[in-house]
Structures are given as structure tokens and as C-alpha cells.
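Student: My questions concern the predicted model and sequence given below.
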Protein chains: 2
Amino acid sequence: MYYLSLYYVCRKDVMATIYDLAKALGVSQTTVANALKGKSNVSVETRRRVLEYAQKVGYRPNVLARALTQRRTLTLAFMLPTIANPFYPEIAEEIECIARKHNYQVVFCNTHNDGELGRQYLDRLVSRWVDGVIVMGLSMNLADLEAQFQQSLPIVLCDWQENEQSAIIPQVSVDFKLAGQLAARHLLTLGHRRMAIIVDLPLQTLRFEGFRLTLEEAGLQLAPEMIQQGNSELASGYSAAQRLFALEHPPTAIFAANDWMAIGAMEAAYDMGLQVPRDVSIIGLDDIVVSAHMRPPLTTIAISKQQLAKAATELLLKQLNKIEDIASSVLVPPTLLPRPSTTVPPVDGEKQNA
Amino acid sequence: MYYLSLYYVCRKDVMATIYDLAKALGVSQTTVANALKGKSNVSVETRRRVLEYAQKVGYRPNVLARALTQRRTLTLAFMLPTIANPFYPEIAEEIECIARKHNYQVVFCNTHNDGELGRQYLDRLVSRWVDGVIVMGLSMNLADLEAQFQQSLPIVLCDWQENEQSAIIPQVSVDFKLAGQLAARHLLTLGHRRMAIIVDLPLQTLRFEGFRLTLEEAGLQLAPEMIQQGNSELASGYSAAQRLFALEHPPTAIFAANDWMAIGAMEAAYDMGLQVPRDVSIIGLDDIVVSAHMRPPLTTIAISKQQLAKAATELLLKQLNKIEDIASSVLVPPTLLPRPSTTVPPVDGEKQNA
DNA sequence: TTGAAAGCGCTAACAT
DNA sequence: ATGTTAGCGCTTTCAA
């Protein structure tokens, strides 16, 4: 049973303050404070007494009061579309871990790609004096962010939508053009000639361009029906793939511009009786955790979440510490991660008429 | 290019305070404060002027200062083993969403099941005057939590390890015994007689017992070799399944006590040339997002993350608001979610000698 | 080595 | 309807 009222005491009653310590020990607040934070201008004996007593009564500094005078809260905010998107948890984990090591805590804000909600959040974060903000995806209006940035709120954009840049806010980006190139080269190397892409335009412009241009350099044109629009969700990958498989000359390989759509495409293949990779190769982009556990495991262009998170957090911490030689932006290179979902094209004539 | 130093101004310089407003308008702080928070004891004209001016200079209340006097920060903490575990993101999302609607922000703490780290976190949270804490999994030592709870830090345990209970801290739990029963009944209904379980004992005792007892009620004993120890990770499900398939009389169905291990078991089946569900049925528990997208989609005992998160957050908010009639704990019922990974047992004699 | 006093921005009790 | 005052718990001069 649980009776809150029986033993409820306000935390105020159990939290000792510096003043309490000072009074009990017959010294001044200043001395207690100095002793507590290890300054040298306190006699050995006094320090011992202070520390001992603080320990005894379980003294905890009130970080709020400290924040009020020091004008910093040791709090960072992490704004993202939604933590339920499997791309983000690993990043969140890493950010929090690095932040913790620097004594920062992190609050997270799921903006659901809602600009209005994002603005509200930002307002609140400013009111709460968070020391800095990491913003991912397209979780906000850039203009709102830039306004706050110029009001001197430290911000870092991380993996911001690739068709937009900020002229003033430091940015950590993935080299998505390279990602598209890597995907194209991988398929070309395997011998594919008839390839398709499932892509969320205009948001994923760079990876699209990287893919398209690399094919062109190899003398291949990406026909319009080989470019299928998705919306980054699994289901859109599924239906886009269905459209591709229904073509008179379906592709022998599909590059889905993120893993989630690639997984949808694999489902579509199965449901239409096709075998991956025997009948069609599929390659994704992101390397979310589950991709390794699909049947077959998904070949993908991997983005190092750790690298992204680390770069973003460190860039932000540099701003906070006013380190002047800030690298204004960081470009994280993706890497090819070959797995069984891609292989050489099928040899039966039907699919060779590219 | 990015030159912080060129336009850097301390936020202090751009943030107006109540005092600033009062001075500029020639009224007292109290009046400004009252006008701002819509109290009735301010003349219409004065209120208009205050609001207008506040708007003009972009006044934002300093939540820190407010927190210092009101002794609450409108901040909740969410402690969990790691957000990278696919079970948690949906819950985190939901908690944050509900908290936001009540004007709370949430900080998250990945404890990595490290009791020492957990204690550090808790210490910090207390120092920062978070208003309350939701603790999931076995991310902490219960004793540390109970100590803080008795020092009047509001806490809710959510999906706490099932082999442990707190006598004093309110708790939201999944009815894991029922979960085990549902799994057993489902397999029994399909006609299985030779079943195995992959389980992380003693942590998953309840689901184990629910499963075992239901089989016994049906007249079936769970032989020792049909109980394989896992550690909740995918790889452990894989190797446990391998051991099962290597038995002289392998099971026709496997209950993996979480989805992640179930997925590992499916991989093992494939790698040993077995077809799921034709040769062996597999059922999991959790319903993580990816389970629906495996090949075949995984039958599972679903836990509603929304329900868990909602119950936990509301229970916590009730504590914060000192609502006395607190339900000391909530039990969330799981549900069977049939998908193609389970079917009737194979008919070939070889596997019928249970 | 120690202490006194002012202030961070707000709230709340108590005047006027 | 408006103002005065005293904190919240800490940091930070400036004195002693």
C-alpha cells in the first residue's frame, strides 16, 4: 500500500543549503562555498569540517541557483522529428553520452516535422536557458533557428535536409552526394545496367544527383520510369517497388534512398514472388540496426551515427566554450556496406534488354 | 564562413527582465508580473501597455528564476537502460508528448544497466531539482531509488524487472505472466505439443512461469532441454535456437521471451535450412516495430508502448500534483498479435514424437 | 584565511 | 489598482 500523505515532506525540508552548513559550522557562506569547490584559500581544518559535515547531511548544491547566477544551465536540447524513427536512437544515445561526460544533461524534443510546434519548443528552450541546441532532420523552420542563433543561442544543425543550407549556423552533414555515388558504383561494379531509384525528392536531392551522375558517367541514362518518388516511409518504398516491378522492363537493381524504403521494396519483391537478390538487387542508405537482420541482410550505404553525433556535440560544445577557431561545418563520409541483398544481375534474357 | 566573435553578444544583453519592463513603463515589477500572468488586479490600460511592450522587446520569462522560487522546474527525467534498444523509442516519444502537453520537458538518461552510473544520474537529477522521474527496465538499484523516493522525490517504476517489486514506489507493469500464458495458448491452439522457450532467467521469470504453467495445465511438461537461456540480445536467441535445432527431437514451436531473441531464432532457423513457419513456428514478445517487417512477419505478444508510457507519465503527474487517491500500481495487459511466423506443426512423423 | 553584501530574475506576502 | 519588500540558494566582488 502506498500512502503519500503519511510521510510526505517537502524536499525543501530535507535539502541542506550552503547557508545551513555555514550556520551549523559557525563559518560564513563564502567559506563553505570555497571549501566545497576546493579553492585554496581555506584552511585545511576548516575544509575538513565542511566536507565532513556536508557529507553527513547529504548536501547537494542547488544547480538552479547556480545556473541563475552563472547564466548557464548545463543543459542541451536535442530537437529531432521523432525518436521513433529508427535512425535517431543511436544518435540520441551517443549525444547523451558525450554530453554527460561534459556534465551536460540533454532534453529531447520531438517536433514531428511541425514548424509551429518547433517554434514553440524553441521558445521554451530559450525561456529555460538551455545552453545550446542540436537540431536534426527537418524538424524546424530554418528562419526561426537563425533568428535565435543571432540572438546568440548556440546551435548546430546535424544531418539537416540536404536541399537547404544555413549561411550562418554551423552544420554537420553527411556527404550524401558521395552516398549516391557509392550506391551507383557498387551496382555498376556488380554489372547492373538497368537500375532504378526510389527517392524522396526534393529532400533527398543530393543522393539522387550523386546516383544519377555516376550512372551518366558510365554512359547510362536514368529513365523517368526508373525514378520513383517515395516519402521516406516503408510503405512508400513498398508501393514504389511495386510500380517498378510492374514495368515491362523492370530494373535488375534498386537503390532506395533510405533503408526503411529499401525494406519496403524487399517486401514488395517477396509479395510479387521475386527473390532478392537473385531476381533483383536492393541497396539502401542509412544502415539502421535492423537492416543487418533482414532476409537477406540489406546492402546499404552506411552512415556512422556515432560520427554524426560526436561531431555535432563537439561542435556545439566548442561554441559554448567560445572557442574561436570553429570549423564552420563538418562533412561525414558514408561507406559502402555490402551484404547479401545485392549481387550480379540475373542472366535470363528477359531482364537484359536495357 | 562563420565568425562567432563578430556578432557575439551575451544573451544577457538581449533578454529583457520584468524589472526592465517595469522601469521602461514606469510601473512596478509586481504590476508587470500580474499583467503578464493575466491576474485580474490590473487596469485594462496598464495590461495593454505591458503586453504590448513585452511583445515588442520579445520578453521571455526566465524559467530558472521562477523555478528557484516555486521550487519546481517543470522537468521530468526518463531513466532507461539505453534508447538504442528498439523497445524504448516509442515509449520515449509518448512520454515526451504527454509531458509537453503538461508543460514539462524531459531529460533522458541512458544508464546502460550500470548501477553506479544510475546512482550518479540520480544524484544529479536531485541536484537539478527535476520534479519527478520515470525509471524503466533494470536501469538502477532499487535501493537507491527507494532512498530518494523517501526523500520525497516523486518516482514511477515502469516495466521494472519482473522478478523484483518495490513496496513503496508506484509501479506500472506489464502482466508478463499473462503474456506467457497467451503465448502458450496460441501454440497449443495451433496444435503444438513439443514446444521450447528461450528466456533470460531470472529476469523474465513471470513470462516463463506463465508459459510453463499453461503447458502443464494442458498436460505437457517443459523438458529441461526445451528451456534455453538467453540474455535478451538477438545473438543469444540465435545460439539458443541453434541448440534447440540440434536436439534429437527439436521443438515444433519456439517461444522467445522477447522479439529481439525471436528474430535471432528466425535467423538461426534460416541458416540451418529450416523454413519458418513450415518447419518451426516462432513467437516473440514485445512487438517492436521491425517485427512486422520480418520475413515472415513475427507473431508476437504485443505490449502497448503507448499504454505503458501513458500510465507511467500520468501516475507521475498525479504524484507531482499530490493527488491523494493514487492507484499505487497499474497492470498493463499484453495481447496476442498473430502473424505468419506461427502455424500448425509439421505433419512429418520425425517431429511428432513428443 | 575568512566574512559581508549585493545580485541573478522571479514570486508572494503585505502594504498603500 | 499598484507598490514595497523579502526571499529562493548560489556566486562574486570587495573588505577585513
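Tutor: Happy to help now that I have it. Numbering: from 1, shown residues only, chains lettered A, B, ... in the order given.

Student: neighbours around A:Glu146, how many?
Tutor: 15 (other Cβ atoms under 10 Å in any protein chain shown). In short, each C-beta sits where N, CA and C put it, glycine included.

Student: Can you give me the buried ones in the host helix or strand of it?
Tutor: When elements are defined using DSSP states H and E, A:Glu146 is found to belong to helix A:142-150. Within helix A:142-150, the residues that count as buried by 16 or more other Cβ atoms under 10 Å in any protein chain shown are A:Leu142, A:Asp144, A:Leu145, A:Gln148, A:Phe149.

Student: Look at the residue in the stretch 151-300 of chain A that DNA strand C sits nearest to and give its secondary structure.
Tutor: Closest approach of the stretch 151-300 of chain A to DNA strand C (Cβ to the nearest atom of the strand) occurs at A:Ser152, with a separation of 13.6 Å. For A:Ser152, the reduced secondary structure class is coil; criterion used: DSSP: H, G, I helix; E, B strand; the rest coil.

Student: my read: it touches B:Met15, true?
Tutor: No: with contact taken as Cβ atoms under 8 Å, A:Ser152 and B:Met15 are classed as non-touching, separated by 9.7 Å.

Student: Per-residue pLDDT of the residue of the stretch 251-354 of chain A found nearest DNA strand C, please?
Tutor: The stretch 251-354 of chain A approaches DNA strand C most closely through A:Leu320 (18.2 Å), counting by Cβ to the nearest atom of the strand. According to the per-residue confidence, A:Leu320 scores 90 in pLDDT.

Student: can you give me phi and psi for it?
Tutor: Note on A:Leu320: backbone dihedrals following degrees, to the nearest 10 are phi -60, psi -40.

Student: burial of it, as a residue count?
Tutor: 15.

Student: what do you get for A:Met261?
Tutor: A:Met261 has 33 neighbours, counted by other Cβ under 10 Å.

Student: That one contacts A:Ala240, doesn't it?
Tutor: Yes: counting by Cβ under 8 Å, A:Met261 sits close enough to A:Ala240 to count as a contact (7.1 Å).

Student: Need the overlap of contacts for the two.
Tutor: By Cβ atoms under 8 Å, 6 or more residues apart in numbering or on different chains, A:Met261 and A:Ala240 have these common neighbours: A:Ile198, A:Gly230.

Student: mind listing the strands for the stretch 101-250 of chain A?
Tutor: When assigned using DSSP state E, counting those that start in this stretch, the strands of the stretch 101-250 of chain A occupy the ranges A:105-110, A:132-137, A:155-160, A:171-174, A:195-199, A:227-229.

Student: Any idea which of those gets closest to B:Cys97?
Tutor: Taking Cβ to Cβ as the measure, the strands of the stretch 101-250 of chain A were each checked against B:Cys97, and strand A:105-110 came out nearest at 6.8 Å.

Student: what does that closest one contact?
Tutor: Outside strand A:105-110, the residues touching it (Cβ under 8 Å, 6+ apart) are A:74-84, A:92, A:95-96, A:99, A:118, A:121, A:125, A:130, A:139, B:75, B:92-93, B:96-97, B:105-109, B:124, B:128.

Student: Regarding the closest residue to A:Glu233 other than its chain neighbours, what is its secondary structure?
Tutor: Spatially, and ignoring its direct neighbours in sequence, A:Glu233 is nearest to A:Trp260 (6.5 Å; Cβ to Cβ, 6 or more residues apart in numbering or on different chains). Secondary structure for A:Trp260, judged by three-state DSSP, is helix.
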